[in-house]
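Enquirer: A predicted structure for the sequence below; I have some questions about it.
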Amino acid sequence: MESMELTRWTRLLVRYHKDLPLRATAEISGVYFRDALFQTHQIRHVTVHRRLISVCEVEKMIESAVSLTTVLKDASRTKKIRLIQREAGTNLEELKRVQNGLETRMSKELTAIGQRRALLDELEKTEVELMLTGAHQNRVRLGSALDEFLMHGHICTDSTLRPPEEMSRAEGDDATLEPYLA
């Protein structure tokens, strides 16, 4: 009900503010009545819809409320809002510090994750290269052994032919990946 009433008053004041007597409103440098009124409409909107807003937006909204009460020459409410502004200012500064700390921590974590990802990419590339090199070497050795067999008729007992599991990483290499896989 109150939100509808505020919306109605906002529309009426916008429509008839030029008809108000000069003594009813005050001039503030750089602040127009219509702008001050619409900025306070945002306060109502955020409150009614419980929308999350930034610290900066809260500061702007409080300043808008001060501007409106000043334009309307409502000294007692201007004084109350200024008190709220001072009290909120302290809390908002603390919120800014906490928010900056969280953003800094998140940035550091994302950087560390990026570095771990780059290392994993490099390890993957190295493993693929090792596998391809080992496969090529075994194909060459197998081809040589086959040529030897076909030419001389005897089986090569070359111990350099190895099954793929022996070509894999040395034991313990998985331990170097554990911090990045966790």
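Expert: Nice, thanks for sending it over. What you see is a predicted model; the values in this text were computed from it and never measured.
Enquirer: Which positions in stretch 65-81 come out as buried?
Expert: Under the neighbour-count criterion of 16 or more other Cβ atoms under 10 Å, stretch 65-81 has A65, V66, S67, L68, T69, T70, V71, L72, T78, I81 buried. C-beta coordinates here come from the backbone N, C-alpha and C atoms, glycine included.
Enquirer: Quick one: low-confidence residue ranges for the protein.
Expert: 1-7, 17, 22-32, 154-182 (pLDDT under 70).
Enquirer: Could you pick out the longest helix of it?
Expert: Scanning the chain for the helix with the most residues, using DSSP state H, yields helix 75-152.
Enquirer: now for it, which elements pack on it?
Expert: Other elements packing on helix 75-152 under the criterion 3 or more Cβ pairs under 8 Å, 6 or more residues apart in numbering; DSSP states H and E are helix 55-71, helix 164-167, helix 173-181.
Enquirer: can we see that at 6 Å?
Expert: Packing partners of helix 75-152 (3 or more Cβ pairs under 6 Å, 6 or more residues apart in numbering; DSSP states H and E): helix 55-71.
Enquirer: got the angle for the helix it packs on vs helix 75-152?
Expert: Between the axis of helix 55-71 and that of helix 75-152 there is an angle of 160 degrees, by axes from the mean of the first three to the mean of the last three Cα atoms, to 10 degrees.
Enquirer: which helices and strands sit right next to helix 55-71?
Expert: In terms of contacts (3+ Cβ pairs under 6 Å, 6+ apart), helix 55-71 is packed against helix 33-49, helix 75-152.
Enquirer: Spell out the secondary structure type for L52.
Expert: Local secondary structure at L52 is given as coil here, using DSSP: H, G, I helix; E, B strand; the rest coil.
Enquirer: tell me the contacts of it?
Expert: Residues counted as contacts of L52 (Cβ atoms under 6 Å, 6 or more residues apart in numbering): none.
Enquirer: re the thing from before, Serialize the buried residues of stretch 65-81 to JSON lines and add fields for distance to G114.
Expert: Compiled in JSON lines, those are given as follows (distance: Cβ to Cβ, whole Å):
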{"residue": "A65", "distance to G114": "43"}
{"residue": "V66", "distance to G114": "44"}
{"residue": "S67", "distance to G114": "45"}
{"residue": "L68", "distance to G114": "47"}
{"residue": "T69", "distance to G114": "49"}
{"residue": "T70", "distance to G114": "49"}
{"residue": "V71", "distance to G114": "51"}
{"residue": "L72", "distance to G114": "53"}
{"residue": "T78", "distance to G114": "50"}
{"residue": "I81", "distance to G114": "45"}
